[in-house]
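Peer 1: any chance you can model this:
(one chain, ligands or ions: 1)
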Amino acid sequence: MKLRQIVLASTVVALSATAAQATTWRMATAYPEANFHTRNVNQFVQDIEQGTEGKLKINVHAAGSLIKHPEIKNAVRSRQIEMGEFLLSTLANEHAVFALESVPFLATSYEQSAKMYEVSKPYLNEALGKQRLKVLYSVAWPPQGLYTERPIENIEDLKGMKVRAYSPQTERFAQLAGAIPTQVEAADLAQAFTTGRVNAMVTSSSTGVNSAAWDYLTHYYDVSAFLPKNIVVVNQASFDSLDKDTQQVILDAAARAEERGWEMSKEEHDVQRKTLADNGIVIEAGSEQLNAAFREIGETMAAEWSKEAGKQGQEMLDAYRK
Ligand code: PCA
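Peer 2: Numbering: from 1, shown residues only. Predicted coordinates:
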């Protein structure tokens, strides 16, 4: 063999050896590539690939392209995919702990939201652990407000409005406000607005920008009702199948992703409100009547949550308020 051929042949052998050892996982997320959570996920999987020197590669399928948002949790559970990211409060009907962060006006700032997360962490780990899902990290969305297609003075102005919801709580919120809630995934917002299925939505500045809210809406009531969280989980059996070093790389990358994600979220909150305004959305705090009515809805929902969550819920609330 000529030297060049020998070199080529040994490269092929070396490459296939690496390929044989490498594991490729699939990860599904619900939100678009441009979203800060997805950017954070992409950095997270890159850290894992680098940290394991290519031994674990994770292909991210964003925007519900591989698995639709409501199916992501079960797809990880059944090991159809190894990892997934979803909005925690989509599971609210399964267990009250998943709904806590979305009780309006209970935790309305990043600081309060972080504290609530700390308090609820053991309960979350337990509830998801029972489904053989290991929690890797969780990051809050920017505070939630209300987008409308015309100015709103008071709660009566919401009567009969078709409000887009994304969780049982946003649905209940819209209902208590006298509006008609309609579930729409973030990935389907443009279509829902163009076809007139909805004409208002509850969400963050971030999703407002990702969905070009200014194409359909005029006002954003920045009421900071709550900060829902995304959560990233791995199938426990898939995690257990890895060697200890690889597991550690994932855990370290997850810790970094969580820290980075909360920072990205805060930055997003500042930057994207400006993007909304630059594109013509009128951002307002909302009238006193409107805010008072929203708070009253929050109290109703807090009472409903407490009833549902029972003793464990009370423990969480006490720890949160301490
Ligand atoms: N964006 C997601 C969930 C919360 C948020 O800010 C959405 O609107 O679907």
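Peer 1: ok, now which ones touch the residue of the chain found nearest the ligand?
Peer 2: Residue nearest to the ligand within the chain: Ser204 (3.1 Å; Cβ to the nearest ligand atom). For the C-beta atoms, the positions are set from N, CA and C on the backbone; glycine is no exception. Counting by Cβ atoms under 8 Å, 6 or more residues apart in numbering, Ser204 makes contact with 141-145, 268-269, 272.
Peer 1: look up the closest residue to it, ignoring the ones flanking it.
Peer 2: Pro142 (4.1 Å; Cβ to Cβ, 6 or more residues apart in numbering).
Peer 1: now Thr24
Peer 2: Using Cβ to Cβ, 6+ apart, the closest residue to Thr24 is Lys57 (4.8 Å).
Peer 1: next: Ala192.
Peer 2: Nearest residue to Ala192, sequence neighbours excluded (Cβ to Cβ, 6+ apart): Val184, at 4.4 Å.
Peer 1: OK, contacts around that neighbour?
Peer 2: Contacts of Val184 (Cβ under 8 Å, 6+ apart): 164-166, 192, 197-198, 201.
Peer 1: among those, which ones lie close to the ligand?
Peer 2: Checked against the ligand using Cβ under 6 Å from any ligand atom, the contacts of Val184 yield the following neighbours: Tyr166.
Peer 1: the residue nearest to Ser204 in helix, strand or coil?
Peer 2: Following DSSP: H, G, I helix; E, B strand; the rest coil, the label given to Pro142 is coil.
Peer 1: how about the one 5 residues further on?
Peer 2: When the structure is reduced to helix, strand and coil (three-state DSSP), Tyr147 reads as strand.
Peer 1: kindly export stretch 253-271 (C-alpha atoms) in CSV.
Peer 2: What follows is stretch 253-271, C-alpha atoms only, in CSV (Å, rounded to 0.1, in the frame of the first residue of the first chain):
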residue,chain,number,x,y,z
ALA,A,253,-23.9,21.0,32.0
ALA,A,254,-27.4,21.1,33.4
ALA,A,255,-26.3,23.1,36.4
ARG,A,256,-24.7,25.6,34.1
ALA,A,257,-27.7,25.7,31.8
GLU,A,258,-30.0,26.4,34.7
GLU,A,259,-27.9,29.4,35.8
ARG,A,260,-27.4,30.7,32.3
GLY,A,261,-31.1,30.2,31.5
TRP,A,262,-32.3,32.4,34.3
GLU,A,263,-29.9,35.1,33.3
MET,A,264,-31.0,34.9,29.7
SER,A,265,-34.6,35.1,30.8
LYS,A,266,-34.0,38.3,32.7
GLU,A,267,-32.2,39.8,29.8
GLU,A,268,-35.0,38.7,27.5
HIS,A,269,-37.5,40.5,29.7
ASP,A,270,-35.6,43.8,29.3
VAL,A,271,-34.7,43.5,25.6
